[in-house]
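Engineer: return a 3D structure for these sequence lines:
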Amino acid sequence: MLIDSHVNLHAPQFDEDRDAVIARAREAGVGMMVEISDRLSTFDATHGLAMAHDDIWCTVGVHPHEARHYEDLSVDRLVELAGREKVVGIGECGLDFHYDLSPREVQAAVFRVHIEAARRTGLPLVVHTREADGVMADILREEMAAGPFKLLMHCYTSGPELAELAAELGAWFSVSGIATFKAAEDVRAIIRDMPGDRIIVETDCPYLAPVPHRGRRNEPAYVGHVLDKLGEIRGWSREEAEVRTTDAFFGLFDRIPRPEGA
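Structural biologist: This next block holds a predicted model:
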């Protein structure tokens, strides 16, 4: 079963042909997608996509780029929204010190609110981290010591030390189209050492289209290219890669009923 664990179908890049994009994904064998929330102002659109399609589920959260607009975000508010039907994760949330679109201390504070919401709900935390390895490591270590929570290191491109710590803390990892990029050998090296039973795949569409579609708008239909590259990196057959990533997906997103035969 092909599963795209991270799509942004609510993005304006899909406004002209969203239904066709979803149809192409199904034609390509994608049996399930997780639509990701990046801000609460668009959560109704994100949730609406999940409610309109049997094979789409969603998360609720605030991307670190948007954290500056949500300094007053409460755990209770996230927990309330997470109680809606078909919400299966908290996030995308975390730290992005590359663009610094929100103050770093605000990003960290809002991230900790998401962690507590994940802890209270039992839903997995979808973590974005970029050029923030030290601070991310400190927060994850501190927060896990305060009480366990499930987490996914989404589209992982950070360093080996943070990957090792996250793995020790029980994290899952998602591999994106970046793994197919010619210059991404450092990313592939880390993928080789990820826990084999906790790896899933994603497109992060409309961004990060994999080779051979690099430079174009990404779509869920392209997730098979990511899966094939993961198999190549790990020495898995296509069938083994599909089985392993499907098992890992349902182990992480355990609120999603697993279809018979998947």
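Engineer: quick check: longest helix of this protein.
Structural biologist: Criterion DSSP state H: the longest helix present in the chain is helix 104-121.
Engineer: and the helix or strand following it, what does it pack against?
Structural biologist: With elements assigned by DSSP states H and E, the helix or strand that comes after helix 104-121 is strand 125-130. With contacts defined as 3 or more Cβ pairs under 8 Å, 6 or more residues apart in numbering; DSSP states H and E, strand 125-130 has these neighbours: strand 87-96, helix 104-121, strand 151-153. (Glycine included, C-beta is placed from N, CA and C.)
Engineer: partner strands of strand 125-130, parallel or antiparallel?
Structural biologist: strand 87-96 (parallel), strand 151-153 (parallel) (DSSP bridges).
Engineer: show me the contacts for the closest residue to residue 126 other than its chain neighbours.
Structural biologist: Once flanking residues are discounted, residue 126 sits nearest to residue 91: 3.2 Å by Cβ to Cβ, 6 or more residues apart in numbering. In this structure, residue 91 makes contact with 36, 37, 59, 61, 114, 118, 125, 126, 127, 128, 152, 154, judged by Cβ atoms under 8 Å, 6 or more residues apart in numbering.
Engineer: burial check on the second one, number of neighbours?
Structural biologist: Counted by other Cβ atoms under 10 Å, the residues lying close to residue 37 total 27.
Engineer: quick check on it: phi, psi?
Structural biologist: Note on residue 37: backbone dihedrals following degrees, to the nearest 10 are phi -90, psi 130.
Engineer: torsion angles phi and psi at the residue most central in space within the chain?
Structural biologist: Among the residues of the chain, the one closest to the centroid is residue 154, at 4.1 Å (Cα atoms, centre = their mean). Dihedral pair for residue 154: phi -80, psi 140, per degrees, to the nearest 10.
Engineer: so it makes contact with residue 6?
Structural biologist: Yes: the pair residue 154 and residue 6 passes the contact test of Cβ atoms under 8 Å, sitting 5.9 Å apart.
Engineer: any common contacting residues for these two?
Structural biologist: Counting by Cβ under 8 Å, 6+ apart, the residues touching both residue 154 and residue 6 are 92, 126, 174, 202, 204.
Engineer: tell me if I'm right that the fourth one and residue 176 touch.
Structural biologist: What it means is residue 202. Yes: in terms of Cβ under 8 Å, residue 202 counts as a neighbour of residue 176; the distance is 5.3 Å.
Engineer: give me the common contacts of those two.
Structural biologist: Joint contacts of residue 202 and residue 176 (Cβ under 8 Å, 6+ apart) are 6, 155, 226.
Engineer: make CSV out of the residues you listed and add pLDDT and secondary structure.
Structural biologist: Shown next, in CSV, are the shared contacts of residue 202 and residue 176 (pLDDT from 0 to 100; DSSP: H, G, I helix; E, B strand; the rest coil):
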residue, pLDDT, secondary structure
6, 98, strand
155, 97, coil
226, 98, helix
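Engineer: with adjacent residues omitted, what lies nearest to residue 151?
Structural biologist: In space, and not counting its chain neighbours, residue 151 is closest to residue 125: 4.4 Å by Cβ to Cβ, 6+ apart.
Engineer: show me which residues of stretch 88-99 are buried.
Structural biologist: Within stretch 88-99, the residues scored as buried using 16 or more other Cβ atoms under 10 Å are 88, 89, 90, 91, 92, 93, 94, 95, 96, 97.
Engineer: mind putting the helices and strands packed on strand 125-130 into CSV with distance to residue 137?
Structural biologist: Below are these laid out as CSV (distance: least, Cβ to Cβ, whole Å):
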stretch, distance to residue 137
strand 87-96, 10
helix 104-121, 12
strand 151-153, 11
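Engineer: nice, that's everything, thank you.
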